[in-house]
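Undergrad: Kindly generate the corresponding structure for this input.
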Amino acid sequence: MLKEQELNEIQTEVFDILVSYDVEEKNRRKQHASKRLLDARRAIERHREEKELSTFIGEDSWFDDEK
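TA: Numbering: from 1, shown residues only. Just a heads-up that it's a prediction; the model follows:
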């Protein structure tokens, strides 16, 4: 009876370790996916800003205002 009880405690501990590992792995995957999404959003935002600014920078009269 005592051996069964010890084995169950060991099994419970191993199970808890495996579950916590699985949770940590899912969290790492979520963090990685979130980072990739944020990087993509920043790239799109940067592209839009560059596109918008290029219309002002590309104009010949842009420097004429300073004279």
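Undergrad: Does the residue nearest the centre of the chain lie in a helix or a strand, and which?
TA: The centre of the chain sits closest to K35, judged by CA atoms, centre = their mean, with a distance of 2.0 Å. Element membership of K35, judged by DSSP states H and E, is helix 2-57.
Undergrad: Quick check: mean pLDDT of that helix?
TA: On average, the pLDDT along helix 2-57 is 91.
Undergrad: That one packs against which elements?
TA: If you count contacts as 3 or more CB pairs under 8 Å, 6 or more residues apart in numbering; DSSP states H and E, helix 2-57 packs onto no helix or strand. The C-beta positions use only the backbone N, C-alpha and C, and glycine is treated the same way.
Undergrad: and the residue nearest to the centre of the chain, how far is that from R46?
TA: 16 Å (CB to CB, to the nearest Å).
Undergrad: Same question for V23.
TA: 34 Å.
Undergrad: What is the neighbour count of K26?
TA: Look at K26: counted by other CB atoms under 10 Å, it has 10 neighbours.
Undergrad: Same question for the one 10 residues further on.
TA: Counted with other CB under 10 Å, residues neighbouring R36 total 10.
Undergrad: contacting residues for it?
TA: For R36, the contact set (CB atoms under 8 Å, 6 or more residues apart in numbering) is empty.
Undergrad: Number the residues from 40 up from this point.
TA: Renumbered: residue one is now 40, and that last one reads R75.
Undergrad: roughly how far apart are it and N66?
TA: 15 Å.
Undergrad: do L77 as well
TA: Separation of L77 from N66 (CB to CB) stands at 16 Å.
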